[in-house]
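Asker: only geometry, no sequence info:
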């Protein structure tokens, strides 16, 4: 086993990119809330995107490392440390057997991810090991991690495997924790804050709201309420109403869909969303802003900014290009350590 859980934190689950292609059967995609942090945690230890990571929410776990392993920690800063020494984030880190890995409460953002070389092992259902809490699917018995659980690396990928041992670590001349001297560039790491401008496209029912209501969405501040979870963020702010009361046929929704229920308080659907929604869809959060949104917590404030499809596509293409350059850089640096990486 790689980790023995001593304290699980508020909510720690096994997640990957989710169950793709099962929405027609009413099965939520689920998966990591912050897809960017999840992806980078995998890349940094030589895993493909679909390998499983550990997602910690608000406060992290304490675990005993039972085998030497390479890990990468991304997302929220939960002040990770081993034997009182800080563990650097956003880079590959070698942790030796017998170390106690400790995370505290987050100081920025609200979700941290731990990638391990080989990916975390979990129950695979419909092609995914993601934990879907409402249905009790995937991960470890479909539930959050608990004290006493033991989890291990799947070791299903060649290249940068968990068995790559102390040679690389010894060359770094450190004990217990050996971090490389490079990391993900700061300009590619989203800035997590208590306030954020979230860019949106017009939703399917955008025109069912009159001009003043549309402006209200874009000009007023909305606050994330405590009734928010992995399924959706319930917002509190100016009440929105369609021009005419009407019932909508339930239709497909996705992560980032902004729905307006009868009480007029918007809901942003997130990773564990339902597959269909019958409320008016006023807006859709662009893909580029979903990672920052996923790092926001109850009490944080959102300002919506409307952009058009052309601008959203331009931003997305630029983002994909930057990530491609980053992936090549990571591969090159891992190869310099003598580790063959095959994503």
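Answerer: That came through fine. What you see is a predicted model; the values in this text were computed from it and never measured.
Asker: and the strands in the stretch 201-343 of the chain?
Answerer: 222-224, 232-236, 251-252, 257-260, 267-269, 276-277, 280-285, 301-306 (DSSP state E, counting those that start in this stretch).
Asker: mind checking which of those strands is nearest residue 62?
Answerer: strand 222-224 (27.5 Å; CB to CB). (Glycine included, C-beta is placed from N, CA and C.)
Asker: quick one: average pLDDT of that closest one?
Answerer: Strand 222-224 comes out with an average pLDDT of 98.
Asker: pull the longest helix from this structure.
Answerer: Longest helix in the chain by number of residues (criterion: DSSP state H): helix 309-336.
Asker: give me the buried positions along that helix.
Answerer: 312, 315, 327, 330-331, 333-334 (16 or more other CB atoms under 10 Å).
Asker: which strand residues sit across from residue 198 in the sheet?
Answerer: residue 304 (DSSP bridges).
Asker: now it: how far from residue 73?
Answerer: Per CB to CB, to the nearest Å, residue 198 is found 25 Å from residue 73.
Asker: looking at these two, which one has more neighbours?
Answerer: residue 73 (27 against 20; other CB atoms under 10 Å).
Asker: low-confidence regions, the protein specifically.
Answerer: 1, 156-176, 340, 342-343 (pLDDT under 70).
Asker: so what are the domain limits for it?
Answerer: By the assignment in automatic domain parsing, the chain contains the domains 3-186+322-336, 195-307.
Asker: what distance separates the start and the end of the last one?
Answerer: It stands for domain 195-307. One end of domain 195-307 sits 19 Å from the other (CA to CA, to the nearest Å).
Asker: return the distance of the longest helix of the chain from the chain's centre.
Answerer: On the basis of CA atoms, centre = their mean, to the nearest Å, helix 309-336 sits 18 Å off its chain's mean C-alpha point.
Asker: returning to what we had before: quick one, which of the domains of the chain is packed in tightest?
Answerer: domain 3-186+322-336 (a mean of 20; mean count of other CB atoms under 10 Å).
Asker: what's the span of that one, first residue to last?
Answerer: Using CA to CA, first and last residues of domain 3-186+322-336 are 28 Å apart.
Asker: quick check, distance from it to the centre of its chain.
Answerer: 11 Å.
Asker: check stretch 271-290 too.
Answerer: Relative to its parent chain, stretch 271-290 has a centroid offset of 16 Å by CA atoms, centre = their mean.
Asker: thinking again about what came up before, and the strands of the stretch 201-343 of the chain as CSV, adding distance to residue 211?
Answerer: Converted to CSV, those look like this (distance: least, CB to CB, whole Å):
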stretch, distance to residue 211
strand 222-224, 19
strand 232-236, 21
strand 251-252, 25
strand 257-260, 16
strand 267-269, 22
strand 276-277, 24
strand 280-285, 13
strand 301-306, 12
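Asker: compare the ones you listed and give me the one nearest residue 27.
Answerer: Once those are compared by CB to CB, strand 276-277 is nearest, at 11.7 Å.
Asker: just give the nearest non-adjacent residue to the residue of the chain most remote from its centre, would you?
Answerer: Largest separation from the mean C-alpha position in the chain: residue 244, at 37.4 Å (CA atoms, centre = their mean). Spatial nearest neighbour of residue 244, excluding adjacent residues (CB to CB, 6 or more residues apart in numbering): residue 208 at 7.6 Å.
Asker: do residue 213 as well
Answerer: residue 240 (5.5 Å).
Asker: which residues does that neighbour contact?
Answerer: Shown here is residue 240, whose contacts under the criterion CB atoms under 8 Å, 6 or more residues apart in numbering are 209, 213, 216-217, 260, 264-266, 282.
Asker: in helices, which of those residues fall?
Answerer: Per DSSP H, the contacts of residue 240 map to helices at 213, 216-217.
Asker: closest one to residue 94 out of these, please.
Answerer: residue 217 (47.9 Å).
Asker: that closest one is in contact with residue 282, isn't it?
Answerer: Yes: at 6.3 Å, residue 217 and residue 282 qualify as touching, with contact defined as CB atoms under 8 Å.
Asker: which residues are common contacts for these two?
Answerer: Contacts common to residue 217 and residue 282, judged by CB under 8 Å, 6+ apart, are 209, 240, 266.
Asker: okay, those residues in a markdown table with distance to residue 91 next?
Answerer: Formatted as a markdown table, those follow (distance: CB to CB, whole Å):
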| residue | distance to residue 91 |
| --- | --- |
| 209 | 45 |
| 240 | 43 |
| 266 | 37 |
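Asker: wait, a helix at residue 5?
Answerer: No: counting by DSSP: H, G, I helix; E, B strand; the rest coil, residue 5 is not part of a helix but strand.
Asker: is it true that it touches residue 149?
Answerer: Yes: judged on CB under 8 Å, residue 5 makes contact with residue 149 at a distance of 4.4 Å.
Asker: need phi/psi at residue 134.
Answerer: phi -70, psi -30 (degrees, to the nearest 10).
Asker: now residue 226. Nearest residue, chain neighbours left out?
Answerer: Closest to residue 226 by CB to CB, 6+ apart is residue 298, at 4.5 Å.
Asker: contacts only, for that neighbour.
Answerer: 224-226, 228.
Asker: mind redoing it with 10 Å?
Answerer: When contacts are counted by CB atoms under 10 Å, 6 or more residues apart in numbering, residue 298 touches 58, 110, 223-229, 233-234, 236.
Asker: same question for residue 100.
Answerer: Counting by CB under 10 Å, 6+ apart, the residues that residue 100 touches are 4, 6, 62-65, 81-84, 176.
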